[in-house]
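sequence below, structure please.
(one chain, ligands or ions: 2)
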Amino acid sequence: MASLQGPRAPLEFGGPLGAAGLLLLLPATMFHLLLVARSGPARLLGPPPYLPGLEVLWSPRALLLLLTWLGLQAALYLLPARKVAEGQELKDKSRLCYPINGFQALVLTALLVGLGMSIGLPLGALPEMLLPLAFAATITTFIFSFLLYMKAQVAPASALAPGGNSGNLIYDFFLGRELNPRICSFDFKYFCELRPGLIGWVFINLALLVQEAEQRGSPSLAMWLVNGFQLLYVGDALWHEEAILTTMDITHDGFGFMLAFGDLAWVPFTYSLQAQFLLYHPQPLGLPMAAVICLINAIGYYIFRGANSQKNTFRKNPSDPSVSGLETIPTATGRQLLVSGWWGMVRHPNYLGDLIMALAWSLPCGVSHLLPYFYVLYFTALLVHREARDERQCLQKYGRAWQEYCRRVPYRILPYIY
Ligand SMILES: NC(=O)C1=CN([C@@H]2O[C@H](COP(=O)(O)OP(=O)(O)OC[C@H]3O[C@@H](n4cnc5c(N)ncnc54)[C@H](OP(=O)(O)O)[C@@H]3O)[C@@H](O)[C@H]2O)C=CC1
Ligand SMILES: CC(C)=CCC[C@@H](C)[C@H]1CC=C2C3=C(CC[C@@]21C)[C@@]1(C)CC[C@H](O)C(C)(C)[C@@H]1CC3
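Ligands and ions are numbered 1, 2, ... in the order given. Now for the predicted structure:
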């Protein structure tokens, strides 16, 4: 029986009760946001405008569209890659290989969608299908997570994640049991993390822009900004695809409902909330304000990219001229911790940049509603919690060296505040 490996990992996310709550709360929140975004008052806090029946949610056409999309992205994933990267060392000392062709998948999808539109594909009809699509994605991820759970039953103990194997069915189903579930070389977690959801997000945004143009003659400046900023974010993630291999999602977390739902439903349907809001609640935006918002996004991106690239370069090759002059703390593992440059300002400068960008994505929606700021609020909570999880793991990994780093760099995300 491959359920428990070594000492039990401490329970996260409030244990089985927290996991059960999140299993219900996450889909409920997503549907609440989808319903409220298209309602007149667009009130984040308060009941949804109506409770949709099955006849509104269930659509075989939406399910077919979703499965076609997943199939298309899987086919693009299997195309020859410009590079094959090795992941981090696993418990059994082996390393898995990952195709680096995510950006190519984005470009090919754009070409296919462009071709489709030129022969009459009604992209502008997509916004009307968001509710049934989100419903189909939710059902699919529940089934998919169940299959992942079953697959972990027959996986060797060395293939299981450090968490997610408590023996409690709900907790393990939520967190995910197997670290890197694969069929042959097809890696489900890596595929889902960067492809269908992230690429789906930008095409949902584009469909909202097209629909706005059809309704009002041309897309609004606010809609252009939201589309542009989020396309930059997704394009950047896919361009730097290899960097995902060192994130805790890939190296530490199992693949279960949390990530499957997060990747395939939560990201495309809630991260596109600002564009959804703008379609139903057009907001005037002048050029001077637009320029200020672009500047905020650029500052956020500069910090986010600078910090992530500095750490990735350092981890790949500490003698690279761009990082070799930085001050470091040695650790007992042989790895070093950066203590100057971006990582000497706060312990998670990349989170700070990401949060500044999150704010820039909401500002084009004006300040009349709280709804478009949901992403900023949720993302702050997610990153504060993620930061605490990462610190726990780093303390375990680096011990005294990590304590020294915390002493030298006392702030976590926001200098002098947090
Ligand atoms: N849009 C979204 O929904 C989300 C976006 N993100 C973004 O994803 C990106 C990656 O985030 P995440 O994986 O959480 O974490 P990080 O990229 O911050 O990675 C944390 C790891 O970096 C290493 N590290 C920490 N401090 C130092 C240091 N001083 N010097 C060298 N290495 C250090 C440690 O790993 P080791 O020592 O083993 O290398 C640590 O475990 C971030 O930009 C984040 O904002 C994250 C979650 C959701
Ligand atoms: C609330 C909920 C459903 C939680 C699940 C969390 C997931 C939505 C996020 C966990 C880590 C993520 C990352 C990205 C997207 C969101 C999830 C899946 C990411 C792919 C976004 C683009 C970035 O550039 C990134 C590649 C650094 C990032 C990696 C982590």
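
helix, strand or coil: sort out L121 for me.
coil (DSSP: H, G, I helix; E, B strand; the rest coil).

tally of neighbours for it?
Neighbour count for L121, taken as other Cβ atoms under 10 Å: 14. Where C-beta positions appear, they are placed from N, C-alpha and C, glycine not excepted.

check contacts around it.
L121 is in contact with V113, counting by Cβ atoms under 8 Å, 6 or more residues apart in numbering.

now with 10 Å, please.
112-115 (Cβ atoms under 10 Å, 6 or more residues apart in numbering).

now do the strands in the stretch 301-418 of the chain.
328-330, 336-338 (DSSP state E, counting those that start in this stretch).

quick one: residues contacting L414.
Going by Cβ under 10 Å, 6+ apart, L414 touches 346, 348, 351-352, 355.

swap that for Y398, please
329-333, 335-337, 404-405.

any part of the lengthiest helix in the chain near ligand 1?
Ranked by number of residues, the top helix in the chain under DSSP state H is helix 287-316. Yes - judged by Cβ under 6 Å from any ligand atom, helix 287-316 comes into contact with ligand 1 through 304, 308, 311, 315.

so which elements touch that helix?
helix 221-239, strand 336-338, helix 349-362 (3 or more Cβ pairs under 10 Å, 6 or more residues apart in numbering; DSSP states H and E).

pick the most buried one from these.
helix 349-362 (a mean of 22; mean count of other Cβ atoms under 10 Å).

next, the angle from it to helix 287-316.
160 degrees (axes from the mean of the first three to the mean of the last three Cα atoms, to 10 degrees).

relative to helix 221-239, how tilted is helix 349-362?
150 degrees.

how about the residue of the chain found nearest ligand 2, what does it touch?
Residue of the chain nearest ligand 2, by Cβ to the nearest ligand atom: G262 (2.8 Å). G262 makes contacts with 26, 141, 192-193, 197, 249, 270, 382, as judged by Cβ under 10 Å, 6+ apart.

buried stuff in stretch 12-32?
Judged by neighbour count (16 or more other Cβ atoms under 10 Å), stretch 12-32 contains these buried residues: 12-13, 16, 18-20, 22-23, 26-27, 30-32.

who are the contact partners of the closest residue to D187 other than its chain neighbours?
Residue nearest to D187 in three dimensions, not counting chain neighbours: N180, with 6.0 Å by Cβ to Cβ, 6 or more residues apart in numbering. Contact analysis of N180 by Cβ under 10 Å, 6+ apart lists 87, 90, 96, 98, 155, 159, 161, 187-190, 250-251, 254-255.

follow-up on the earlier one: out of the helices and strands packed on helix 287-316, which is closest to W69?
helix 221-239 (15.1 Å; Cβ to Cβ).

distance check, the residue in the stretch 101-250 of the chain that ligand 1 sits nearest to against P364.
Across the stretch 101-250 of the chain, the shortest distance to ligand 1 (Cβ to the nearest ligand atom) belongs to T247, at 3.3 Å. With distances taken as Cβ to Cβ, to the nearest Å, T247 is found 28 Å from P364.

could you do Q153 as well?
48 Å.
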